[in-house]
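K.L.:
mind folding the following:
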Amino acid sequence: MEFAEKVKELTNKEYSLVGEYTGIMNRVIIRHDIKECGFEFEVVANNFMGTKSRKGSRCPVCGTSFKMSEKIFIEKMKRIRPNYSVDKFFSFSKKVKIKHLKCQHSFEISPACALDPRTETICPECGLGSGRKMNHEQFIKKVRELEGENYKVIGRYSGTHSHIVFRHIDCGTEFEMRPNNFIHKNNRCPKCTKSKGEEAIERWFNSNEIEFKTQFSIEGCKYKNILKFDFAVELEDGSYCIIEYDGRYHDSPHSKKKEHVKKWEDQVTRDKVKNDFCQKNGIELIRIHHSEFKNIDKILGKRFND
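P.N.:
Numbers count the residues shown, from 1 in each chain. Below is the predicted model:
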C-alpha cells in the first residue's frame, strides 16, 4: 500500500499527503483536510504514523480536535503571535477578531490561519498575509519603501508565494524570488549576497578562465520547490560538475530559536536531497566545507587543472 493511501486509511481521510514521500524516516508534508482547518505541516513520516504504543503526530494548529477554548487560543497566539491581541473569539470554526499591536489595525481571520506559523505577517494592513490581498501596485510601493530605487519589479505580482522577477539596479542582475522572502525575510540579490566561500570559488573560476553557471537548477531535483546549486561547470561530454559551498550554518543552526532550528533542518534536508539526486543520476558533486576555505584554490585546481 502506498504511503498516501496509508495516511488516509489511518486517519479516516482526515489527513492527506501533499508533498513527496521519500522514506519512512524523512519529512513529508501533510494536510489536515477538514474544512475548518486545511493546515499543511511538516512531520517525519514515521512520527505521523505512530505505533501501537505511541500515538502519531497530528496537526500542530488544532491538535486532535477543534474543541479549543478561548483561553487555549489566546495562549497559542501569545506564543506564535506576540504582537497581536485577541478581541473576540467564538469558536475554532468561526472567524476571530484580532488587533495588530504594531499598527493598531483590527481585522477578522480564521483561527487556523492566525495560528499558521508559516505566515510571518497576517495583518492585511501591513503586508503579505491573509485578509485583504496586496495588489501589484501596492507590492511595488512596498518594495520602494524598503529599497528605494535599488530594486525594480520586472514580473507581475500574483501572490505572496508566487515567484516574481526582480532586477538589482546596482549590479544589473535579474533573479526570481518569492515576494514574502523579499518583504519579510530580507532576502535580496543572490549575486551580491554571496558568502566569502562562494566569492572565492567564483574568483578562482574567473582567474582560470573556466566558464561556470551560478544558482544552477536541474529538473527533478526539488524539495518543496526546485533546488538551486551554487555552481555548475559544463564538461566536454555535456554533463555537469556541481560545486556546493557549505557554510557554517550547514552544520548547526544560527541559534536555538525555533525559526533558526527549523531553517537549519530544512537546509539539512535540502543538502540530502541534492546528494541523493546527484548520486542517483551519476552527476559529479563536489562539496567544499567551510573548514576547507583556505584550500578552495587547491581543491578546484586538482579537479579542473590536473
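K.L.:
ranges for the strands of the stretch 1-150 of the chain?
P.N.:
In the stretch 1-150 of the chain, the segments counted as strands under DSSP state E, counting those that start in this stretch are 15-17, 27-32, 40-44, 84-88, 96-100, 105-109.
K.L.:
for K8, find the nearest of those.
P.N.:
Distance to K8, taken as Cβ to Cβ, is lowest for strand 15-17 among the strands of the stretch 1-150 of the chain, at 6.0 Å. For every residue, glycine as well, the C-beta is placed using N, CA and C.
K.L.:
note down every partner strand of the closest one and its orientation.
P.N.:
Applying DSSP bridges, strand 15-17 is found paired with strand 27-32 (antiparallel).
K.L.:
about what we covered before: nearest to C278, of the strands of the stretch 1-150 of the chain?
P.N.:
strand 27-32 (19.8 Å).
K.L.:
quick check: mean pLDDT across that closest one?
P.N.:
Regarding strand 27-32, the rounded mean pLDDT is 85.
K.L.:
hmm, who's touching that strand?
P.N.:
For strand 27-32, the surrounding residues in contact (Cβ atoms under 8 Å, 6 or more residues apart in numbering) are 3, 7, 14-22, 38-45, 48, 58-59, 61-62, 224, 265, 269.
K.L.:
ok, now stretch 144-164?
P.N.:
128-129, 133-136, 139-140, 143, 165-170, 174, 176-180, 182-183, 188-189.
K.L.:
got a quick ChimeraX command for the buried subset of the residues you listed?
P.N.:
Command for ChimeraX, covering only those of the contacts of stretch 144-164 found buried under the criterion 16 or more other Cβ atoms under 10 Å:
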select :128,129,134,139,143,166,167,168,177,178,179,180,182,183,188,189
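K.L.:
tell me who's in contact with D87.
P.N.:
Contacts of D87 (Cβ under 8 Å, 6+ apart): V96, K97, I98, K99, S106.
K.L.:
can you give me the helices for this structure?
P.N.:
3-10, 45-49, 70-80, 111-114, 136-147, 179-184, 196-207, 258-280, 296-304 (DSSP state H).
K.L.:
so for T214, which of the ones you listed sits nearest?
P.N.:
Going by Cβ to Cβ, the one of the helices of the chain nearest T214 is helix 196-207, 7.3 Å.
K.L.:
how distant is that closest one from the center of its chain?
P.N.:
27 Å (Cα atoms, centre = their mean, to the nearest Å).
K.L.:
and that helix, what's buried?
P.N.:
Neighbour-count burial for helix 196-207 [16+ other Cβ under 10 Å]: G197, E198, A200, I201, E202, W204, F205.
K.L.:
please apply the same query to stretch 96-112.
P.N.:
V96, I98, K99, H100, F107, I109, S110, P111, A112.
K.L.:
export those residues to a markdown table and tack on pLDDT?
P.N.:
Converted to a markdown table, the buried residues of stretch 96-112 look like this (pLDDT from 0 to 100):
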| residue | pLDDT |
| --- | --- |
| V96 | 87 |
| I98 | 89 |
| K99 | 87 |
| H100 | 83 |
| F107 | 82 |
| I109 | 85 |
| S110 | 81 |
| P111 | 81 |
| A112 | 75 |
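K.L.:
no more questions from me, cheers.
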